[in-house]
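Trainee: got a structure for you, letters missing:
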């Protein structure tokens with residue numbers, strides 16, 4: 001039996017709401033993934049793109065991935081298949097590919113005429129066909145075909161080339177980074193590469209026994225086409241997802257097993273009035289989750305982030321519905337009127353109280369404001 005582990009979308013160097021997830025990613029690799037590889041003893045590991053979160057990856061993210069590859073290839077003695085994703089820079093990563101393949105590290109970062117890499121064990125043979133991320137223009141230039149105008153056109157032409165070379169007596173596995181029609185998306189995915197002209201019909205991969213996909217962060221799939229999803233949660237709409245590594249076992253048939261990834265920090269969303277949430281977080285014993293709070297108060301709350309973080313340091317963001325509602329109700333009109341006329345600071349302050357705080361300014365408010373303005377040296381001279 002041949003066993004493969006399928007993962008993707010590590011997004012090393014990811015930052016959400018100003019919080020770097022590099023420590024979480026390091027814990028995933030060294031506390032979960034590498035021990036899993038040592039336990040499962042796969043014949044190969046597949047990483048289906050988006051190794052990094054940015055095309056110009058930070059040095060710490062590059063060092064972390066270098067350490068991970070060293071451990072996989074030298075310590076675990078496992079073959080590794082990697083393709084580039086839309087977040088990766090193939091040109092920056094494409095160094096020593098031919099040399100590294102001799103130690104079992106197969107990195108496909110640039111679009112080239114298709115050639116498989118064979119994994120063999122106990123008389124079973126599987127051909128792995130890497131399809132690194134490409135733009136339609138890349139495929140058009142490689143094939144010298146002006147007919148390729150979309151991602152679907154590009155994949156159709158490229159898979160046709162693969163099918164002409166396929167040995168049907170072997171198991172054939174595609175590795176790609178794309179958006180398959182009908183798939184579920186998350187907030188953490190780049191909207192520039194989701195939907196529309198970027199969609200690929202699932203049927204294009206029907207010739208393969210298994211297709212290991214990257215790009216979408218939700219683990220999902222059907223028939224022979226599967227996304228492993230990202231191993232960590234990268235947006236709060238993923239709070240209820242169960243992240244996984246997929247184990248692919250090839251014997252008389254191909255079977256798929258999901259291995260749940262324990263999150264170093266889970267994600268949670270809370271909604272309610274400030275005082276209720278404050279009391280709740282005061283009593284909370286486990287403060288390890290990353291937290292998103294949506295306030296439903298009908299009046300402004302003084303420094304809600306600082307006050308809640310005093311009891312829950314992993315609070316990452318607050319959505320204040322009161323501000324959003326009041327702003328939507330008349331802020332645009334107010335800003336337009338302010339731009340069209342030169343007004344006094346007193347008028348701006350008064351309108352702020354009316355538009356944002358929904359209260360009428362009193363004489364005491366205006367007197368205090370004038371006094372503060374005078375003390376600051378910014379009194380209105382008009």
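Mentor: Received the coordinates, thanks. Everything numeric in this text was worked out from a predicted model, so none of it was measured.
Trainee: number of nearby residues for residue 31?
Mentor: Number of residues near residue 31 (other Cβ atoms under 10 Å) recorded here: 12. From N, CA and C alone the C-beta is placed, and that goes for glycine too.
Trainee: where does it fall, helix, sheet strand or coil?
Mentor: Residue 31 carries the three-state label helix when classified by DSSP: H, G, I helix; E, B strand; the rest coil.
Trainee: Find the residue closest to it in space, skipping its chain neighbours.
Mentor: residue 264 (7.8 Å; Cβ to Cβ, 6 or more residues apart in numbering).
Trainee: and what of residue 199?
Mentor: Residue 199's closest residue in space is residue 181 (Cβ to Cβ, 6+ apart), at 4.6 Å.
Trainee: Now the residue nearest to residue 31: phi and psi?
Mentor: Residue 264 adopts backbone torsions of phi -60, psi -40, taken as degrees, to the nearest 10.
Trainee: residues in contact with it?
Mentor: Residues near residue 264 by Cβ atoms under 8 Å, 6 or more residues apart in numbering: 23, 24, 27, 28, 31, 232.
Trainee: correct me, but the last one touches residue 243?
Mentor: Yes - under the criterion of Cβ atoms under 8 Å, residue 232 lies in contact with residue 243, with a separation of 6.5 Å.
Trainee: Quickly list what's touching both of the two.
Mentor: 261, 263.
Trainee: how about the helices in the stretch 1-150 of the chain?
Mentor: 22-27, 34-40, 59-70, 90-93, 97-101, 136-143 (DSSP state H, counting those that start in this stretch).
Trainee: Just tell me which of those helices ends up closest to residue 247.
Mentor: Closest approach to residue 247 among the helices of the stretch 1-150 of the chain (Cβ to Cβ): helix 34-40, 6.4 Å.
Trainee: out of the contacts of residue 264, who has the most neighbours?
Mentor: residue 232 (25 neighbours).
Trainee: Wait, a helix at that residue?
Mentor: No - under three-state DSSP, residue 232 sits outside any helix and is assigned coil.
Trainee: which stretches of the stretch 51-200 of the chain have low pLDDT?
Mentor: Where the stretch 51-200 of the chain drops to pLDDT under 70, the residues are 90-99, 189-197.
Trainee: Try it again at 90.
Mentor: 55-56, 85-104, 108-111, 122-124, 135-136, 143-147, 149, 182-199 (pLDDT under 90).
Trainee: What ranges does it have for its strands?
Mentor: Using DSSP state E, counting those that start in this stretch, the strands of the stretch 51-200 of the chain run over 79-83, 105-108, 117-121, 124-131, 171-177, 179-180, 199-200.
Trainee: Check which strands are paired with the second one and give the direction for each one.
Mentor: It stands for strand 105-108. Using DSSP bridges, the strands paired with strand 105-108 are strand 79-83 (parallel).
Trainee: could you give the angle of the strand it pairs with to strand 117-121?
Mentor: Interaxial angle of strand 79-83 relative to strand 117-121 (axes from the mean of the first three to the mean of the last three Cα atoms, to 10 degrees): 150 degrees.
Trainee: Can you check what angle separates strand 79-83 from strand 124-131?
Mentor: Using the same axes, to 10 degrees: strand 79-83 against strand 124-131 is 30 degrees.
Trainee: Am I right that residue 198 is in contact with residue 151?
Mentor: Yes - using Cβ under 8 Å, residue 198 is in contact with residue 151, at 5.1 Å.
Trainee: neighbour count winner among the two?
Mentor: More crowded of residue 198 and residue 151, by other Cβ under 10 Å: residue 151, with 21 against 18.
Trainee: from what I can see that one touches residue 201, true?
Mentor: No - applying Cβ under 8 Å as the test, residue 151 and residue 201 come out as separate, 10.4 Å apart.
Trainee: count of residues packed around residue 250?
Mentor: Number of residues near residue 250 (other Cβ under 10 Å) recorded here: 22.
Trainee: cool, residue 281 as well?
Mentor: 19.
Trainee: give the contact list for it.
Mentor: 308, 311, 312, 315.
Trainee: residue contacts, the second one?
Mentor: What it means is residue 311. Residue 311 makes contacts with 278, 281, 282, 284, 287, as judged by Cβ under 8 Å, 6+ apart.
Trainee: now, which of those sits nearest residue 250?
Mentor: residue 287 (43.7 Å).
Trainee: per-residue pLDDT, the closest residue in space to that closest one that isn't next to it in sequence?
Mentor: Nearest non-adjacent residue to residue 287, counting by Cβ to Cβ, 6+ apart: residue 312, 5.4 Å away. pLDDT, residue 312: 95.
Trainee: Can you tell me the SS state at residue 312?
Mentor: Taking three-state DSSP, the label given to residue 312 is coil.
Trainee: so how far is residue 23 from residue 60?
Mentor: Noted for residue 60: a distance of 10 Å to residue 23, by Cβ to Cβ, to the nearest Å.
Trainee: And the furthest pair within the contacts of residue 264?
Mentor: Every pair of these checked by Cβ to Cβ; the farthest is 31 and 232, at 12.3 Å.
Trainee: thinking residue 307 is in contact with residue 278, fair?
Mentor: Yes - Residue 307 lies in contact with residue 278 (Cβ under 8 Å); the separation is 6.7 Å.
Trainee: partner residues bridging residue 315?
Mentor: When assigned by DSSP bridges, residue 315 has beta-bridge partners residue 291.
Trainee: what's near enough to touch it?
Mentor: By Cβ under 8 Å, 6+ apart, the contact set of residue 315 is 281, 291, 293, 305, 308, 309.
Trainee: got it, and residue 365?
Mentor: Counting by Cβ under 8 Å, 6+ apart, residue 365 touches 349, 353.
Trainee: mean confidence score for whichever strand or helix holds it?
Mentor: Assigned by DSSP states H and E, residue 365 belongs to helix 363-376. What helix 363-376 shows for mean pLDDT is 79.
Trainee: Fine, thanks again, bye for now.
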